[in-house]
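**Student:** predicted model and sequence below, questions to follow.
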Amino acid sequence: MQPVTPETSPTSVTPSTEVSFQPLAFAGATGAFILIGAVSSMFGPLLGSFTHRFHLSLPSAGLALSVYFVGASVGALPGWLGLKRLSGRVVLTVSLVAVALGAAGSMLSHRWLGFLAGIFVVGLGFGTLDIALNTLLARTAIVGRAHRLSVGNAGYGVGAVICPLIIIAIRPSNFPELFIGLAVLALLLTSTNAGVHAPPLRSEPLQEEITNTPGRRAILITFSVAFIFYVALETSASGWMATQLHGVGYSETLGSLVTAGFWTGMTVGRSLGGPLYRWTSATKLVLGGLALAVLVSGAAFFNPVAPYAFPLLGLILASVFPMGLIWYTTLCPHDSDGLSLLIVLLMVGGVAGPGIVSLLVSHFGVHAVPLALASFAALDLVLFSSARRFRPLVLQGTASS
């Protein structure tokens, strides 16, 4: 998941609620994006090592990814509520401490349940950080906001690319060392939060009107379910591609490299989102990306093609999430609560997607992975296509102004 772009943010920032980051604080925010990007990409390359350390089957090891996203789902809600009542500095610090404690607990645990408990706490921190960073950067001053959001967005991708490469360097069996590094980095980042000025979030003046506008609920439900399937697709791909490749005879090193390639494609694709949006529409980018994702995911079923299909899949999927947000905010302007709810609910996809893939792999083997991805993409294409029936809602408050 990536930050809302300044052009798509539905919140009109007033001076009383405007957020500012001193240079060191902004560097820390970028570092936090790198951290959550790294955590999001590490599970796939490590599933095999989890099986050896804890004497598990691959489907059982895949439970770690689901537990992580359960924690992220739970953490998103207090993150949203915390920003309404507490300063952003406090929310960011608590989130980073949670990541550090969870990583340390996982590193010290020699039992599977204890390890999963630590992963759950890491997920809590991730969920709160994700929604907090997105919301805070979207409330900074208009001048320079695009730069701040684009740099943060790039940080997420950089972390997702670097982590699999670090796993290759330290060897997957030495993954406790990676958890030590994550804990130390999270604690170091807390020291940069002193330069964050972020008063509690105030309600968008037009929020009540958009909430009560007929048709808003149908749009919100449609996009919520569509985003859930998108996140199921993205997390299942990043979490299971390395395992699929290893299961059909490729090395663990290649699996990590392909995972890094997937996130590189995602990073490059998102950097191209702005120029593509000026050339075409958000609707076409979402629907076209998902249609291509069905084909590319299906192609990954064939072993010789799979190492090349997954990085291409990352490039194709890159625009779906941010352009989906643009599409939603076009239909429901000034709906900051709706956007926050979307971010909270889409975590469900991170739990359900890898869980479903784990179940399929346990019954049909690793070749079920690309077929599951293609199915997620096809269902998501249907859901987003159904949103074409909606027209932008018109608010009296904006019409009168």
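**Tutor:** That came through, no problem.
**Student:** can you give me the strands for the stretch 51-200 of the chain?
**Tutor:** 196-197 (DSSP state E, counting those that start in this stretch).
**Student:** low pLDDT regions in it?
**Tutor:** 138-139, 142-151, 153-154 (pLDDT under 70).
**Student:** the helices in it, which residues?
**Tutor:** Applying DSSP state H, counting those that start in this stretch to the stretch 51-200 of the chain gives helices spanning 58-61, 63-85, 88-108, 112-138, 145-170, 175-190.
**Student:** and those helices as TSV, adding mean neighbour count?
**Tutor:** Quick note: C-beta positions are derived from backbone N, CA and C, even for glycine. Formatted as TSV, the helices of the stretch 51-200 of the chain follow (neighbours: other C-beta atoms under 10 Å):
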stretch	mean neighbour count
helix 58-61	19
helix 63-85	23
helix 88-108	22
helix 112-138	24
helix 145-170	20
helix 175-190	19
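**Student:** tell me who's in contact with residue 327.
**Tutor:** 223, 282-283, 286, 387 (C-beta atoms under 8 Å, 6 or more residues apart in numbering).
**Student:** am I right that residue 384 is in contact with residue 286?
**Tutor:** Yes - with contact defined as C-beta atoms under 8 Å, residue 384 counts as touching residue 286 (5.4 Å).
**Student:** overlap in contacts, the two.
**Tutor:** Residues touching both residue 384 and residue 286 (C-beta under 8 Å, 6+ apart) are residue 324.
**Student:** the residue lying closest to residue 61 once chain neighbours are set aside is in what secondary structure piece?
**Tutor:** If the residues on either side of it in the chain are set aside, residue 61 comes closest to residue 50, at 4.1 Å by C-beta to C-beta, 6 or more residues apart in numbering. For residue 50, the host element (DSSP states H and E) is helix 23-54.
**Student:** returning to what we had before: so which of the contacts of residue 327 are in strands?
**Tutor:** Of the contacts of residue 327, none are assigned to strands by DSSP state E.
**Student:** and those, which is closest to residue 250?
**Tutor:** residue 286 (31.6 Å; C-beta to C-beta).
**Student:** what distance do you get for that closest one to residue 321?
**Tutor:** 9 Å (C-beta to C-beta, to the nearest Å).
**Student:** ok, back up a step: reformat the contacts of residue 327 as a markdown table; add pLDDT and neighbour count.
**Tutor:** Output for the contacts of residue 327, formatted as a markdown table (pLDDT from 0 to 100; neighbours: other C-beta atoms under 10 Å):
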| residue | pLDDT | neighbour count |
| --- | --- | --- |
| 223 | 95 | 27 |
| 282 | 84 | 22 |
| 283 | 92 | 17 |
| 286 | 94 | 26 |
| 387 | 95 | 19 |
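**Student:** quick check: residue 367 touching residue 302?
**Tutor:** No - contact between residue 367 and residue 302 fails when scored by C-beta under 8 Å: they sit 9.7 Å apart.
**Student:** the two: who's more crowded?
**Tutor:** residue 367 (17 against 12; other C-beta atoms under 10 Å).
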